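Q: Sequence isn't available, so here's the structure alone:
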């Protein structure tokens, strides 16, 4: 009766991985999570609808032969993600579809942007591709495009391009405070980029030691036209969630990333804790810190527990 924090299925966004092929592909480093073929993605989206989960987030595992330095496959209107968007909207039109705007599933070197001969990511060249990519995804039916690359100026460029293309109702969820974290390993397995990555992403993702920088990054993305703000990773950055929520009035989301998911599953498998209790406590912590919602691979599990 006097609980200060509430949690409901409507607070959850369910990330789903898409693969080329005909069958489900379990992901070894994410026990209980699979890559889904386009033919089966509709079943997952209808499941989300039945559980009261209002939105899914789609991430492609692009076939290796289609990954290039220039990430041309990201702009293919018949690529894996565009086909998955269409399948999801056909299956359950009322469920929101959020898409990742970044180039790491499409580049040969696993970076989120186009790299030059010296291996450095080229900000402006990357923004041009990201802008085109966002419009392609919006044309396929995406409700929310989520630039996760951390390039400077990309939110403003994407907003302008969406407006010009007539997609004024497509929202932008900006990964405004995305840290160069050690918690992303299983995700890179899921999208097939771990073995490809040359070097690291510390030149464009944030230093985990910095907090005030996150507020500057968020302010820039809001000024450029972001509708929603995302902090990533989640549990180790609840202080950032709280500071962003206190400073700005836009809805703030957190991503309970693959490493966080894997730790909960590993703890439960080792008998170190009850999986369901650990999950619900961490999700409640996100809401208590000020999150409007949480992206979590445990979304379907949590929705069932919430009844």
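A: Cool, the structure landed. Since the model is a prediction, treat every value here as computed from it, not as a measurement. Numbers count the residues shown, from 1 in each chain.
Q: Now do the strands in the protein.
A: Counting by DSSP state E, the segments of the chain that form strands are 12-19, 25-26, 34-37, 55-61, 96-101, 144-147, 171-178, 228-232, 252-256, 293-296.
Q: List the pairing partners of the third one within its sheet, with orientation.
A: Same thing as strand 34-37. Applying DSSP bridges, strand 34-37 is found paired with strand 12-19 (parallel), strand 25-26 (antiparallel).
Q: Which one of these has the poorest average confidence?
A: Between the strands paired with strand 34-37, the lowest average pLDDT goes to strand 25-26, which shows a mean of 94.
Q: which one of the strands paired with strand 34-37 lies closest to residue 64?
A: Residue 64 lies closest to strand 12-19 among the strands paired with strand 34-37, at 11.9 Å (C-beta to C-beta). (C-beta placed from N, C-alpha, C; glycine too.)
Q: which residues sit against that closest one?
A: 25, 27, 33-38, 41, 44, 48, 53-61, 80-81, 84, 98, 190-191, 253, 283, 293-297, 299-300, 302-303 (C-beta atoms under 8 Å, 6 or more residues apart in numbering).
Q: at 6 Å instead, please
A: 25, 35, 44, 48, 53, 55-61, 80, 84, 190, 293, 295, 297, 299 (C-beta atoms under 6 Å, 6 or more residues apart in numbering).
Q: For PyMOL, write the select line for the buried members of those.
A: Buried residues within the contacts of strand 12-19, by 16 or more other C-beta atoms under 10 Å, are selected in PyMOL with:
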select buried, resi 35+44+48+53+55+56+57+58+59+60+61+80+84+190+293+295+297+299
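Q: As a check, name the ranges of all helices in the stretch 1-150 of the chain.
A: For the stretch 1-150 of the chain, applying DSSP state H, counting those that start in this stretch gives helices covering 38-51, 80-91, 123-140.
Q: Return the set of buried residues in the longest one.
A: Neighbour counts using 16+ other C-beta under 10 Å place 123, 126-127, 129-131, 133-138, 140 of helix 123-140 among the buried residues.
Q: Then stretch 209-217?
A: Within stretch 209-217, judged by 16+ other C-beta under 10 Å, the buried ones are 214-215, 217.
Q: Same check on stretch 244-257?
A: Applying 16+ other C-beta under 10 Å to stretch 244-257 flags 244-245, 248, 250, 252-257 as buried.
Q: go on, stretch 172-181?
A: For stretch 172-181, using 16+ other C-beta under 10 Å, the buried residues are 172-179, 181.
Q: Ranking helices and strands of this structure by mean pLDDT, which lands last?
A: Between all helices and strands in the chain, the lowest mean by mean pLDDT, DSSP states H and E belongs to helix 185-190, at a mean of 84.
Q: Outside of that one itself, list whatever touches it.
A: For helix 185-190, the surrounding residues in contact (C-beta under 6 Å, 6+ apart) are 17, 27, 29-30, 194, 258-259, 262.
Q: If you go by neighbour count, which of these are buried?
A: 17, 27, 29-30, 258-259, 262.
Q: Kindly reformat those residues as TSV containing distance to residue 186.
A: Formatted as TSV, those follow (distance: C-beta to C-beta, whole Å):
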residue	distance to residue 186
17	11
27	7
29	4
30	5
258	4
259	6
262	5
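Q: what about the stretch 101-250 of the chain, any weak spots by pLDDT?
A: Within the stretch 101-250 of the chain, the segments meeting pLDDT under 70 span 194.
Q: And the helices in the stretch 151-300 of the chain, which stretches?
A: If DSSP H, counting those that start in this stretch is used as the criterion, the helices of the stretch 151-300 of the chain fall at 154-164, 185-190, 212-224, 238-247, 258-269, 275-289, 299-306.
Q: Nearest to residue 10 among those helices would be which one?
A: helix 299-306 (9.2 Å).
Q: Does residue 191 touch residue 106 like I think?
A: No. Judged on C-beta atoms under 6 Å, residue 191 makes no contact with residue 106 at a distance of 9.8 Å.
Q: Comparing these two, which residue is more hemmed in?
A: Neighbours were counted for residue 191 and for residue 106 using other C-beta atoms under 10 Å; residue 106 has more, 28 against 24.
Q: Roughly how far does residue 146 sit from residue 130?
A: Relative to residue 130, residue 146 is positioned 11 Å away (C-beta to C-beta, to the nearest Å).
Q: What of residue 28?
A: For residue 28 relative to residue 130 (C-beta to C-beta), the value is 30 Å.
Q: repeat for residue 243
A: Going from residue 243 to residue 130 by C-beta to C-beta gives 27 Å.
Q: Could you do residue 97 as well?
A: Using C-beta to C-beta, residue 97 is found at 18 Å from residue 130.
Q: same question, residue 25
A: Noted for residue 25: a distance of 27 Å to residue 130, by C-beta to C-beta.
Q: try residue 224
A: Shown here: residue 224 relative to residue 130, a distance of 13 Å by C-beta to C-beta.
Q: do the same with residue 147
A: Between residue 147 and residue 130 the distance is 6 Å, computed by C-beta to C-beta.
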